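Student: let me see the structure of the following:
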Amino acid sequence: MDIQVIFSTWQQRASLPLRLFVLVDGLLYSELGGAAPQRSGESVMALLDGTPDATLAEAGPWLFDYAAIGGNDRRVIGQLAQGEYGVSWIISAYQPRKLAVELRERLDGTLPDGRSVMLRYYDARVMRHFAPALSPTERTMFFSPTFDWLIEIDGQLFRAHPHAA
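Tutor: Numbering: from 1, shown residues only. Below you'll find the model as predicted:
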């Protein structure tokens with residue numbers, strides 16, 4: 001199945017306007033694209049901007065509003081999706097900046113011993129194992145801003161959130 005087909009199906013079913021977003025690891029994007037993504041208003045945003053970890057923004061999570069990005073970003077995203085690194089596709093009714101805020105709030109976690117960690121859910125390879133490890137309540141809370149969340153690795157789509165569809 002193709003992400004555009006899935007997105008179109010959601011658009012037909014939803015009673016409000018939906019957007020297709022792509023979430024990628026900035027370091028992996030840079031490796032394939034030759035440079036970090038370029039910030040562009042609400043269409044390309046580094047999730048670590050404005051946080052204590054802002055110095056890591058280039059290598060951290062990046063959110064793209066797929067309809068608003070250009071050919072070079074689409075090319076690199078396509079290469080990531082077709083390769084071993086993958087991407088996350090997010091279908092949401094949220095405006096880009098609001099979704100970025102929601103995703104940013106999900107970056108920090110606490111280990112059982114009280115130490116803080118950054119959750120690398122934005123790496124599609126990690127998300128594939130992260131989502132099933134969540135409890136049903138945690139899944140509901142984590143995926144609440146989305147209608148659907150899929151990961152694409154090696155050109156294969158997987159639903160990250162089994163209850164999203």
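Student: quickly find the element holding the residue nearest the centre of the chain.
Tutor: With distances taken as Cα atoms, centre = their mean, the residue of the chain nearest its centroid is Leu23 (2.6 Å). Element membership for Leu23, per DSSP states H and E: strand 19-25.
Student: which strands or helices does that strand pack on?
Tutor: strand 61-65, helix 71-82, strand 87-92, helix 96-105 (3 or more Cβ pairs under 8 Å, 6 or more residues apart in numbering; DSSP states H and E). For the C-beta atoms, the positions are set from N, CA and C on the backbone; glycine is no exception.
Student: angle of that strand against helix 96-105?
Tutor: Put simply, strand 19-25 runs at 40 degrees to helix 96-105, going by axes from the mean of the first three to the mean of the last three Cα atoms, to 10 degrees.
Student: out of the helices and strands packed on strand 19-25, nearest to Ser8?
Tutor: In terms of Cβ to Cβ, the element of these nearest to Ser8 is strand 87-92, at 10.4 Å.
Student: which helices and strands does that closest one pack with?
Tutor: Applying 3+ Cβ pairs under 8 Å, 6+ apart, one finds that strand 87-92 contacts helix 3-13, strand 19-25, helix 71-82, helix 124-133, strand 148-153.
Student: can you lay out these as JSON lines showing distance to Asp113 and mean pLDDT?
Tutor: Shown next, in JSON lines, are those (distance: least, Cβ to Cβ, whole Å; pLDDT from 0 to 100):
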{"stretch": "helix 3-13", "distance to Asp113": "39", "mean pLDDT": "95"}
{"stretch": "strand 19-25", "distance to Asp113": "26", "mean pLDDT": "98"}
{"stretch": "helix 71-82", "distance to Asp113": "34", "mean pLDDT": "97"}
{"stretch": "helix 124-133", "distance to Asp113": "18", "mean pLDDT": "89"}
{"stretch": "strand 148-153", "distance to Asp113": "29", "mean pLDDT": "96"}
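Student: want to throw the ones you listed into JSON lines with distance to Ile91?
Tutor: JSON lines is the format used below for these (distance: least, Cβ to Cβ, whole Å):
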{"stretch": "helix 3-13", "distance to Ile91": "5"}
{"stretch": "strand 19-25", "distance to Ile91": "6"}
{"stretch": "helix 71-82", "distance to Ile91": "15"}
{"stretch": "helix 124-133", "distance to Ile91": "15"}
{"stretch": "strand 148-153", "distance to Ile91": "4"}
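Student: quick check: pLDDT value at the most far-flung residue of the chain relative to its centre.
Tutor: Within the chain, Asp113 marks the point farthest from the mean C-alpha position, 28.0 Å out by Cα atoms, centre = their mean. On pLDDT, Asp113 comes in at 90.
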